[in-house]
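Engineer: here is the input, now give the coordinates:
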Amino acid sequence: MLKTKLITAALLVSILALSAGCESHAQKKQAAALRLAKATAKAKVPVAQGLFENGRIDEAEETIRQCLKANPDVAEAHLLMGKIHLARANVAQAAKSFNQAIDIDKELAGAWYFLAITAQHNAQPLQALEYYNMAVLLEPDNADYIIALSKAYAAQGRYDEAVELLDQKAALLPDRARLKIASADVLTRLGKIEQAVSLYKQALLLKSGDREVTEALAYCYIMLKQWVNAAEMFEDLVDRADESRKADYLKLLAMCCMNSGDYGKAVAYYNQLSIDRRDDPEVWLQMGQAALGAGASKRAYACATRALVLRPGWSDAVAVKACAQYLGTDYSAAVKTFKTIAQDEKMAAFAWNMIARCYSRLGQDARARKAYEKAASLDPDSELLSMM
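Structural biologist: Coordinates of the predicted model:
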């Protein structure tokens, strides 16, 4: 009997030991499966990122949700989910996701950067500045973060800090062209145009042919009234522009030529512009003005006439037509044309001045004097009195 009990006890111990062994093995297997699931989940983040970057946002969201379901502690997954929310203009949810990413990994620079963007959306500039600062501290070589921080400084009126940051980083980083451009942008806003020009020129040496830099430099030259330099930039832009931009560049190029006194070139560029904008009275008016400057009275007259067909009674075009008649020595016709705008508030003083000149050319001195007096009374601060 005792022997039987001992055998039974031994069997129970063996069964329990085997059961414990099986349970331990099952737990290990379960833990291994969990680790694999978490690792697989983390590996899905780059896949989801690729989908997001290719505009497949719904698929990216589904992939990242699966990832977070398997492993809610993947900071990069929360970061991408935040980007998805931001792309859909769901700023509150985006901020929540970015904060979750930071709670998991406080050194994830991208989360701070995008959290700053949500702060800007929420009109919280000081918080945005703080978050951008964190992003730059964590990734001091990231040009996107540096430029964003500089813009945040500038938005607060802290322009000197913005420029100092960009200058310091530009001296150290290989992507210094972008930083020089950003610094030049800030200087332009400050009205320090000559300094901005210097930086844009340096950036253009590093990024030869860059459209945005060339355009910014051209506008700086316009602000400095350096018309020849501006024209050179716009010539380059016209040569490389697609059809959607070419007309705008041509118009600016022609304007620069006008202001530099190169009227012949201005006429040529306006003529080129008129091919696609033949029903634009502004183009014909400006071509007529350029033709006057070039001494081409017949062309100026034709351009003014075309402008008036497109916009009847336009005083600016009438003035060009009358000036073309004056330039062509048809003084009697010019008097009649100028008189049609002599009551126009904007043109009256100019019209009477030109009427006086026409009468002088016709030898009608008394009429000329009366016309000069009329012009002077309309604009007593002008230089007309010195002509009497």
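Engineer: got phi/psi on the residue nearest to Ala322 when sequence neighbours are not counted?
Structural biologist: What sits nearest to Ala322 in space, not counting adjacent residues and going by C-beta to C-beta, 6 or more residues apart in numbering, is Thr337, at 3.7 Å. For the C-beta atoms, the positions are set from N, CA and C on the backbone; glycine is no exception. Backbone torsions of Thr337, given as degrees, to the nearest 10, read phi -70, psi -40.
Engineer: let me see the ranges of the strands in the stretch 151-300 of the chain.
Structural biologist: Secondary structure of the stretch 151-300 of the chain (DSSP state E, counting those that start in this stretch): no strands present.
Engineer: which other residues reach stretch 132-147?
Structural biologist: 107-110, 112-113, 116, 148-149, 152, 165-166, 169, 173, 175, 178-179, 182 (C-beta atoms under 8 Å, 6 or more residues apart in numbering).
Engineer: distance across it, terminal residue to terminal residue?
Structural biologist: One end of stretch 132-147 to the other measures 10 Å (C-alpha to C-alpha, to the nearest Å).
Engineer: may I see the buried residues of it?
Structural biologist: Tyr132, Asn133, Met134, Ala135, Val136, Leu138, Glu139, Asn142, Ala143, Tyr145, Ile146, Ile147 (16 or more other C-beta atoms under 10 Å).
Engineer: ok, back up a step: contact partners for the residue nearest to Ala322?
Structural biologist: Per C-beta under 8 Å, 6+ apart, neighbours of Thr337: Val318, Lys321, Ala322, Gln325.
Engineer: what sits against the first one?
Structural biologist: Pointing back at Val318 there. Going by C-beta under 8 Å, 6+ apart, Val318 touches Ala304, Leu308, Thr337, Thr340, Ile341, Met347.
Engineer: now do the same for the fifth one: its pLDDT.
Structural biologist: Turning to Ile341, the model gives it a pLDDT of 96.
Engineer: can you check the one 3 residues further on too?
Structural biologist: Asp344 is assigned a predicted lDDT (pLDDT) of 93.
Engineer: with adjacent residues omitted, what lies nearest to it?
Structural biologist: The shortest distance from Asp344 to any non-neighbouring residue, by C-beta to C-beta, 6+ apart, is to Ser315 (4.6 Å).
Engineer: Val45 now?
Structural biologist: Sequence neighbours aside, Glu76 is the residue nearest to Val45 in space, at 4.8 Å (criterion: C-beta to C-beta, 6+ apart).
Engineer: also Ala333?
Structural biologist: Ala333's closest residue in space is Gln325 (C-beta to C-beta, 6+ apart), at 4.7 Å.
Engineer: OK, contacts around Asp276?
Structural biologist: Neighbouring residues of Asp276 by C-beta under 8 Å, 6+ apart: Ala247.
Engineer: for the one 3 residues further on, same thing?
Structural biologist: Residues near Asp279 by C-beta under 8 Å, 6+ apart: Leu310.
Engineer: now the one 3 residues further on
Structural biologist: For Glu282, the contact set (C-beta under 8 Å, 6+ apart) is empty.
Engineer: number the chain from 575, please
Structural biologist: Yep, numbering from 575; the last one is Glu856 now.
Engineer: who's in contact with the residue lying closest to Cys830 once chain neighbours are set aside?
Structural biologist: Nearest non-adjacent residue to Cys830, counting by C-beta to C-beta, 6+ apart: Ala805, 3.9 Å away. Contact analysis of Ala805 by C-beta under 8 Å, 6+ apart lists Leu827, Cys830, Cys831, Ser834, Asp836, Lys839.
Engineer: what pLDDT is listed against the fifth one?
Structural biologist: Note for Asp836: predicted pLDDT of 96.
Engineer: for it, the count of nearby residues, please.
Structural biologist: By other C-beta atoms under 10 Å, the residues close to Asp836 number 20.
Engineer: could I get the buried residue list for stretch 658-674?
Structural biologist: Under the neighbour-count criterion of 16+ other C-beta under 10 Å, stretch 658-674 has Ile658, His659, Leu660, Val665, Ala668, Ala669, Lys670, Ser671, Phe672, Gln674 buried.
Engineer: now for those: which two are most distant?
Structural biologist: Across the buried residues of stretch 658-674, the longest distance by C-beta to C-beta is 15.0 Å; it joins Val665 and Gln674.
Engineer: for this structure, which spans come out with low pLDDT?
Structural biologist: The model of the chain has pLDDT under 70 over residues 575-615, 954-962.
Engineer: domain ranges for it?
Structural biologist: Using automatic domain parsing, the domain parsing of the chain gives 613-696, 714-798, 799-902, 907-962.
Engineer: so how far is the longest one off the chain centroid?
Structural biologist: What that stands for is domain 799-902. 27 Å (C-alpha atoms, centre = their mean, to the nearest Å).
Engineer: ditto for the shortest one
Structural biologist: How far domain 907-962 lies from its chain's middle: 46 Å, per C-alpha atoms, centre = their mean.
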